[in-house]
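> coordinates only, sequence not included:
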Ligand code: IPM
Ligand code: MG
């Protein structure tokens, strides 16, 4: 297994270290070899090379079987122009690898129900949502510009743009995933206002005819953000465009208890998948051994499942996480009274111990 590893900034290196530790434990158990190569991206790449994403990084990632990424960004680089910020590196690598579908599963571990921001009542039916976020189109990639007006003030715009083909490919993937779950798919959009959303609806409705077993419904994104809090278990698979997916996946993470619990897999038609926790670089707690590595460790499980079809090994990791939570161990973000608070490193060791 040839892995490119992008530790990135802030807590990125800490959580990635734990993810690799767990991967190595699984590799030993299932007798496969992992060869890793660290590559620069984000703020650290800006400091060392002047740009957030070098061609060299793209090349190494493309030649790997998969990419594991921590997080990028931080205050230090916030004043740089948009195309030179750490985040531009992240968008750049997603685009370069062609990973247009970002799978963000929001699952409430039964042990963590009380860490959720919602009342236990709202979670009585459990929560197991797969958010499928379009990742290489929309406003994050459309034309953006700022112009100065005669009075010295500015005008700026970002273009939310989608083609039929971009919508089609992710829609087929979403229906395929819905079929493997409970045949339920919700398209989240803003078709009452946005033309791009109206195109999404048309294309998705048309493709739905090829998947008659899947129940498709539509929901506006504002209503969705309300419904996620009111009754989250009504959702199973959510398909949505880039910006909306970015926003509602952060929202969904708080239902699961913490932003530190949501992994993600970014997939395309190529062979190289990109795996990363959905949280950011959390500079406020970086280097203090406080970060929750579970989102990254679960991203490693997703990598085994989606890039390598190693289903047992992926299950093993998830079971190990469950066991550690069962025993009452928690990082600070998910701790409640009566649990044992451990740091990032110790959480990684505990999970390895169960493998
Ligand atoms: C995410 C992050 C990124 C995004 C940022 C850091 C560019 O918020 O992965 O959700 O917007 O995609
Ligand atoms: Mg985000």
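Thanks, I have it. The structure displayed is predicted, hence computed values, not measured ones. Ligands and ions are numbered 1, 2, ... in the order given.

> count of residues packed around residue 30?
By other CB atoms under 10 Å, 13 other residues sit near residue 30. Every C-beta, even on glycine, is put in place using the N, C-alpha and C of the backbone.

> List the contacts of the residue nearest the centre of the chain.
When the chain is reduced to its mean C-alpha position, the closest residue under CA atoms, centre = their mean turns out to be residue 264, at 3.3 Å. Counting by CB atoms under 8 Å, 6 or more residues apart in numbering, residue 264 makes contact with 102, 103, 104, 249, 275, 276, 277, 278, 299, 302.

> which one of these is nearest residue 346?
Using CB to CB, residue 277 comes nearest to residue 346 of these, at 18.1 Å.

> Quick one: list the elements packing against the helix or strand where residue 248 lies.
Taking DSSP states H and E as the definition, residue 248 sits inside helix 242-256. Packed against helix 242-256 by the contact rule (3 or more CB pairs under 8 Å, 6 or more residues apart in numbering; DSSP states H and E) you find strand 101-107, strand 128-134, strand 184-189, helix 221-230, strand 237-240.

> after it, next one along is what?
strand 265-267.

> Can you name the residues of this structure that neighbour ligand 1?
The chain comes close to ligand 1 at residues 73, 87, 90, 246, 278, 280, as judged by CB under 6 Å from any ligand atom.

> again, 5 Å this time
Counting by CB under 5 Å from any ligand atom, the chain comes close to ligand 1 at 87, 246.

> Can you pull out the low-pLDDT segments for the chain?
For the chain, no stretch has pLDDT under 70.

> just the helices in it please.
Assigned by DSSP state H, the chain shows helices spanning 12-30, 43-49, 55-62, 86-97, 164-180, 195-208, 221-230, 242-256, 294-306, 311-326, 344-354.

> Tell me how this structure divides into domains.
Here the domain parsing of the chain from automatic domain parsing is 1-101+262-355, 117-255.

> okay, the ones you listed, which one's buried deepest?
Most buried of those by mean neighbour count (mean count of other CB atoms under 10 Å) is domain 1-101+262-355; its value is a mean of 20.

> For that one, measure first residue to last.
Domain 1-101+262-355 has an end-to-end distance of 19 Å (criterion: CA to CA, to the nearest Å).

> Distance from it to the middle of the chain?
Here the centre of domain 1-101+262-355 is set off from its chain's centre by 10 Å, with CA atoms, centre = their mean, to the nearest Å.

> Near the closest residue to residue 249 other than its chain neighbours, how many other residues are there?
Spatial nearest neighbour of residue 249, chain neighbours left out: residue 104 (4.5 Å); criterion: CB to CB, 6 or more residues apart in numbering. Residue 104 has 25 neighbours, counted by other CB under 10 Å.

> can you pull the contacts of the residue of the stretch 201-350 of the chain found nearest ligand 1?
Of the stretch 201-350 of the chain, the residue with the smallest distance to ligand 1, taken as CB to the nearest ligand atom, is residue 246 at 4.5 Å. By CB under 8 Å, 6+ apart, residue 246 lies in contact with 133, 140.

> change it to 7 Å
residue 133 (CB atoms under 7 Å, 6 or more residues apart in numbering).

> and residue 350, what does it touch?
With contact taken as CB under 7 Å, 6+ apart, residue 350 is in contact with 324, 329, 342.

> so residue 117 makes contact with residue 256?
No. Assessed by CB atoms under 7 Å, residue 117 is found out of contact with residue 256, at 9.4 Å.

> partners of residue 216 in the sheet?
Residues in a beta bridge with residue 216, per DSSP bridges, are residue 185.

> can you pull the contacts of residue 32?
By CB under 7 Å, 6+ apart, the contact set of residue 32 is residue 1.

> let's see 10 Å
Contact analysis of residue 32 by CB atoms under 10 Å, 6 or more residues apart in numbering lists 1, 23, 26, 304, 308, 310, 313.

> in terms of contact, does residue 22 touch residue 34 like I think?
No. The pair residue 22 / residue 34 is not scored as a contact, 11.1 Å apart, by CB atoms under 10 Å.

> returning to that earlier point: can you put the contacts of residue 350 in CSV and add distance to residue 151?
Formatted as CSV, these follow (distance: CB to CB, whole Å):
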residue, distance to residue 151
324, 60
329, 59
342, 57
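
> Quick check: the closest residue to ligand 1 within the chain vs residue 77, distance?
Residue of the chain nearest ligand 1, by CB to the nearest ligand atom: residue 87 (3.8 Å). Distance, residue 87 to residue 77, using CB to CB, to the nearest Å: 9 Å.

> now residue 195
34 Å.

> what's the answer for residue 213, then?
Taking CB to CB as the criterion, residue 213 is separated from residue 77 by 48 Å.

> Then residue 199?
The gap separating residue 199 from residue 77 is 35 Å, by CB to CB.

> mind putting the helices and strands packed on helix 242-256 in CSV, distance to residue 95 included?
Converted to CSV, those look like this (distance: least, CB to CB, whole Å):
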stretch, distance to residue 95
strand 101-107, 12
strand 128-134, 12
strand 184-189, 22
helix 221-230, 23
strand 237-240, 19
